[in-house]
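**Student:** how would this look folded up:
(one chain, ligands or ions: 1)
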Amino acid sequence: MHARALLLFSLACSTADPAAGGPARVGAQPPTPPSKVAVSPAGLAEDAPCRPIEKVDYPDVVIDWRPPCDAAGTVVSAGGIQYAMDVYAWRGFLARSWPVDAQGALDPAQPPGVGADRRALWETWSATADLFPSDGSAPGPWGSPPPLPAACAALGPNPQPQRRLLRYTTKIEMLASEGPHKTSDFGLLANEVIDGQGYPVYYEVRLDRAAWDYVLSAGLDTRAGQEGKTASFPAGCATATGGELGATVIKAAWMRLSAAQDKADFHSAEVYLYDPRTDRCEAATVGLVGLHMATRSQQAPLWAWATFEHRANAPDITEQPLQGQWSFLDPSAVDPSCYTVPRGAACAWNEPPQARPLGERRQPTQVVRALPLTQQSTRSTDARSVNQQAWDALEALQPGNRWGRYVLVGTQWSCPAGVTVAGCPSGAPVTPTPPPNAAVCPLPPVVSSPTPPVLANGVMETYHQGSSDCVGCHSAAQMAAGGGADFMFFLSQAR
Ligand code: HEC
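**Tutor:** Purely as a prediction, here's the structure:
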């Protein structure tokens, strides 16, 4: 933790109010915060201090600008752990989506969805690609985007200094073409998801300060620096009075908004869409349709894998016959044979698009949520009640709050066998509070029965929803030099 974060930390955690660390109830204002949060040299609000852990059996979703240090401690059953993980996910998502001003500073009194839509804090973070500049130079400071490609700069003076670049439309594009991960390993992941207008969904991956600093301080930003090493990102640790944030990595999915789509319904952004194959660039307004958030913490040593979707993306497969207005499903395009068991041959949902010449509009992908929200897990609770809490709290702040348009599909977590951390289903004692901060929690990357076993985002794992196991697939991640990447595929991009 660097000096500035320490200062902020003591500001927020040593307030005289004994309740400062306790849970504010749903809809309550955040505890007396500083009026503005300091910004880094790059002009960004950085490393908000995390919320101390709360000693409650069942924590609530609170809307607070400080992300939780870890999931709450006192959980009494596997279902309780799942609940705590889902609350941890919603709180972390809201804190990291806190609106920032043009300078990147956040105001703790201005929660998400109140007033005009503004950039979310995580949008000011650096992208993973910024760690590995294509000319082999050293990365710039965290939070400072690299220069735009000429084709975008040529679009004229940028009316929006924060307008950033989106360029990736598939998973494999974000992996190095040469390296431990071969395109052929990822079959279905090579496919784009096409929206109702015929345009692809765009993806980006952004790193918080803890993740970025770790990569640089461990020398993992170059292939040579990775030689002989295994990555181990810092894990968030929580105590009754404070704690430390671990690494967080966010992958977001964006859809071009059509004139018919109501901007008020989405968190939106002004971006450049760049196609490196044609060197074409255009300015566009996009809406957030999906978000993965991976956070490493003491209670989720193999990372907590949370995934959010826009509520109008696609219906659950069980909602048959399919009807209504969806961004990624036109019910009239679904062949009736899809409703029969076994499914008719002409069924057109969750099928990759046909290849088309570059630049041509594509046939929209028809998406349904293959694993309904109500059946996310056979082993534990689903996220419905936690979603309802978050929606109620957001609605209380601002009727029609756009952030209440997002649903937590679920949070996958796992505890390695033999590792005693609070909340492991392996029989480890559940302690009221984790032991005093052991700084980081360097646990061996062993995957053991994640909960829930399968978790998918309809616009991110579209074509393999039935088998999508976040932690299982990510456990295969290797760095460019071949060492274990601690579940983070982006380390394979180092040159
Ligand atoms: C079948 C494999 C697979 C599954 C299943 C999968 N992912 Fe990934 N994920 C990838 C690959 C490959 C990348 C790197 C390329 C990219 O960024 O899209 C990635 C990237 C990410 C990243 C950015 C960090 C990184 O590793 O570079 C996050 C965060 C993420 N996925 C979260 C999730 C979550 C949450 C789930 C489950 C809901 C999930 N993933 C399911 C393969 C998978």
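**Student:** near the ligand, which residues of the stretch 51-200 of the chain show up?
**Tutor:** Proximity of the stretch 51-200 of the chain to the ligand is confined to Lys171, Met174, Leu175, Phe186, Leu189 under the rule CB under 6 Å from any ligand atom. For the C-beta atoms, the positions are set from N, CA and C on the backbone; glycine is no exception.
**Student:** most neighbours, which of those residues?
**Tutor:** Leu175 (22 neighbours; other CB atoms under 10 Å).
**Student:** can you tell me the closest non-neighbouring residue to that one?
**Tutor:** His181 (4.8 Å; CB to CB, 6 or more residues apart in numbering).
**Student:** what parts of the stretch 251-400 of the chain come near the ligand?
**Tutor:** Counting by CB under 6 Å from any ligand atom, the stretch 251-400 of the chain sits next to the ligand at Lys251, His292, Ala294, Trp305, Thr307.
**Student:** farthest pair in those residues?
**Tutor:** Lys251 and Trp305 (10.5 Å; CB to CB).
**Student:** joint contacts of these two?
**Tutor:** The overlap between the contact sets of Lys251 and Trp305 (CB atoms under 8 Å, 6 or more residues apart in numbering) consists of His292, Ala294.
**Student:** and Leu273, what are its phi and psi?
**Tutor:** The phi/psi pair for Leu273 (degrees, to the nearest 10) reads phi -100, psi 120.
**Student:** separation between Trp142 and Ser414?
**Tutor:** 29 Å (CB to CB, to the nearest Å).
**Student:** which of the two has more neighbours?
**Tutor:** Ser414 (25 against 22).
**Student:** that one: what's its closest spatial neighbour, skipping adjacent residues?
**Tutor:** Using CB to CB, 6+ apart, the nearest residue to Ser414 is Pro450, at 3.9 Å.
**Student:** quick check: the one you found touching Ser468?
**Tutor:** No - under the criterion of CB atoms under 8 Å, Pro450 is not in contact with Ser468, lying 11.2 Å apart.
**Student:** quick one: the helices in this structure?
**Tutor:** With DSSP state H as the criterion, the chain has helices at 3-13, 78-96, 150-153, 209-217, 223-226, 384-397, 470-474.
**Student:** any idea which of these is most buried?
**Tutor:** Across those, averaging neighbours per residue (mean count of other CB atoms under 10 Å) puts helix 78-96 on top, at a mean of 25.
**Student:** which helices and strands does that one pack with?
**Tutor:** strand 248-256, strand 280-297, strand 300-310, helix 384-397, strand 406-412 (3 or more CB pairs under 8 Å, 6 or more residues apart in numbering; DSSP states H and E).
**Student:** the residue lying closest to Gln261 once chain neighbours are set aside pairs with what?
**Tutor:** Distances taken as CB to CB, 6+ apart put Gly287 closest to Gln261, at 6.7 Å, once the chain neighbours are dropped. Gly287 has these beta-bridge partners by DSSP bridges: Met255, Ser268.
**Student:** re earlier: which one of the residues of the stretch 51-200 of the chain next to the ligand is nearest Arg311?
**Tutor:** Looking across these and measuring by CB to CB, the closest to Arg311 is Lys171, at 23.6 Å.
**Student:** can I get the helices of the chain in JSON lines with mean pLDDT and distance to Glu461?
**Tutor:** Converted to JSON lines, the helices of the chain look like this (pLDDT from 0 to 100; distance: least, CB to CB, whole Å):
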{"stretch": "helix 3-13", "mean pLDDT": "25", "distance to Glu461": "34"}
{"stretch": "helix 78-96", "mean pLDDT": "85", "distance to Glu461": "17"}
{"stretch": "helix 150-153", "mean pLDDT": "92", "distance to Glu461": "29"}
{"stretch": "helix 209-217", "mean pLDDT": "95", "distance to Glu461": "22"}
{"stretch": "helix 223-226", "mean pLDDT": "96", "distance to Glu461": "27"}
{"stretch": "helix 384-397", "mean pLDDT": "94", "distance to Glu461": "19"}
{"stretch": "helix 470-474", "mean pLDDT": "90", "distance to Glu461": "8"}
